[in-house]
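> from the sequence below, what's the structure:
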Amino acid sequence: MIIVYFFFPLALITSSSLGIIISPNWSCAPFVWVLILVPIIDYLIPILNNHDSNLSETKLHNYALIMILPGIFFLIVFGLIKVSENEISYLQSMAIGAAVGMSGGSIGITTAHELIHRSDKKMRGIGVFLLVLCLYGHFRIEHIYGHHKHFATKQDPASARKGENFYAFLCRCVVMSFISALNIEKNILKKKNLSFFNFKNRMIHYLLLEFLLLFTSLLIAGMNGLIFILTHCAISIILLELVDYIQHYGLERKIKNGKYEAYDGEQHSWNSRHTSANWSTFNLGLHAEHHQTASKHYPLLSQQKKLIEMPSNYPVMIMMALVPPIWFTVMDKKISQKTDL
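From the prediction side, this is the model:
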């Protein structure tokens, strides 16, 4: 079934390219694919039922990840070329940027998330580059050293609290994640007896590369280029934070003897085994085991015990999160049901 990890991401990249190749009017295509067609496919096929005994990994699984970088890169390059045309308006540049952002957020950052956990430096480098293309390079630092230590606690900017709507969470998470990454990198450098203003500071690397991306976009396509790239990055970041929001919403590790209790996959992460949504995101929905063993590669993530499940797949949950009254009605009730927890 390795083919599915090629087909679904490539289908999204292809849909994002239609606004560039055919017309800006086709920029809605990736939204239709992600938010309508993928959920329909999910309801037509059984949910995942993976067990360690029938899981394996091949080089092709890595190739499926690696191909995402040229896919996103060329979407951005050809998008900039498209919006540099005289007849393209600011609004059309924004539409094309939003279409590219659907790929950037749905599979670009998702792939980066998988790769920044890898031990291989080249694979991590690809992950970081994908994040920089979304103006979110600091995620590599905050996620590894911050989120995986503090998730499901009030110390984690990327864990949504019960009763917190997505829009409040988005503002808090974006700002505090950046500040957290700065502080983490500062402490890492301090342990090496290095000042913060040192070229070994990865935050400086990421910010310089991100500035270069913005400057290049402006140089190639003027204001249209800047609008395009900022829209792409905004959509990508919003999609990432929507995923962060739904993955730990309302779940909190308790303090025992002055320390947060150990992670329990049955209590502290919302899981989703819906098939095509996981094929589209390299098993991102199998989040409980990812926190159990962060270094485990995506083809090897399994379902071994009863976990708390999201009511639906990621696309449906994301749309639900955008309407707080509906989200609270569904999820707060689910949190309160002791049989689920």
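> quick check: the residue positioned nearest the centre of the chain vs G105, distance?
Here the mean C-alpha position of the chain is nearest to the C-alpha of L240 (CA atoms, centre = their mean), at a distance of 3.7 Å. Separation of L240 from G105 (CB to CB, to the nearest Å) stands at 6 Å. For glycine as for every other residue, the C-beta is placed from the backbone atoms N, C-alpha and C.
> now the common contact residues for the two.
In the contact map built from CB atoms under 8 Å, 6 or more residues apart in numbering, the residues linked to both L240 and G105 are C134.
> and the residue nearest to the centre of the chain, what helix or strand is that in?
Using DSSP states H and E, L240 falls within helix 202-248.
> give me the phi and psi for G258.
Backbone torsions for G258, taken as degrees, to the nearest 10, come to phi 80, psi 0.
> near it, how many other residues are there?
Using other CB atoms under 10 Å, G258 has 5 neighbouring residues.
> with P46 instead?
Other residues within reach of P46, judged by other CB under 10 Å, total 9.
> that's a strand at it, yeah?
No. According to DSSP: H, G, I helix; E, B strand; the rest coil, P46 belongs to no strand; its state is coil.
> now it: how far from F6?
Distance check for P46 against F6: by CB to CB, it reads 21 Å.
> quick one: the helices in the stretch 1-150 of the chain?
The residue ranges that make up the helices of the stretch 1-150 of the chain, judged by DSSP state H, counting those that start in this stretch, are 4-21, 29-32, 38-44, 59-66, 68-83, 90-103, 109-115, 121-132, 139-142, 148-150.
> OK, contacts around the residue nearest to the centre of the chain?
Applying CB under 8 Å, 6+ apart, the residues contacting L240 are G105, I109, C134, Y136, F139.
> only whichever of those are buried, select them in ChimeraX.
Provided next is the ChimeraX selection string for whichever of the contacts of L240 are buried by 16 or more other CB atoms under 10 Å:
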select :105,109,134,136,139
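> wait, which of the contacts of L240 is closest to S336?
Distances from S336 to the contacts of L240, taken as CB to CB, are shortest for G105 (30.8 Å).
> give me the nearest residue to that closest one, chain neighbours excluded.
If you skip the residues right next to it in sequence, G105 has L239 as its closest partner in space, 2.8 Å away by CB to CB, 6 or more residues apart in numbering.
> ok, the one you found touching I109?
Yes. In this structure, L239 sits in contact with I109. The criterion is CB atoms under 8 Å, and the distance is 7.3 Å.
> below-threshold pLDDT in this protein: ranges please.
48-54, 265-266, 303-306, 338-341 (pLDDT under 70).
> at 90 what do you get?
The model of the chain has pLDDT under 90 over residues 1-2, 43, 45-58, 199, 253-269, 271-277, 286-294, 300-309, 336-341.
> for L189, give me its contacts.
S195, F196, N198, K200, N201.
> those in helices, which ones?
Assigned to helices by DSSP state H, none of the contacts of L189 qualify.
> ok, and the most crowded of those residues?
Comparing these on neighbour count, N201 comes out first with 18 neighbours (neighbours: other CB under 10 Å).
> skipping its backbone neighbours, what lies nearest I326 in space?
Here the nearest residue to I326 in space, its sequence neighbours aside, is M320; by CB to CB, 6+ apart that works out to 5.4 Å.
> burial of the nearest residue to V4 once chain neighbours are set aside, as a residue count?
Across the structure, with CB to CB, 6+ apart as the measure, the residue nearest V4 apart from its sequence neighbours is W279 (4.2 Å). Burial of W279, expressed as a neighbour count using other CB under 10 Å, amounts to 23.
> same question for S280.
When counting by other CB under 10 Å, one arrives at 29 neighbours for S280.
> any idea how far it is from H150?
For S280, the distance to H150 (CB to CB) stands at 28 Å.
> S180 too?
Remark: distance between S180 and H150 (CB to CB) = 9 Å.
> counting neighbours, go ahead and name the busier of these two.
Summary of the neighbour comparison: S180 and H150, criterion other CB under 10 Å, with S180 having more neighbours (23 against 18).
> three-state assignment of the more buried one?
On the three-state scheme (three-state DSSP), S180 is labelled helix.
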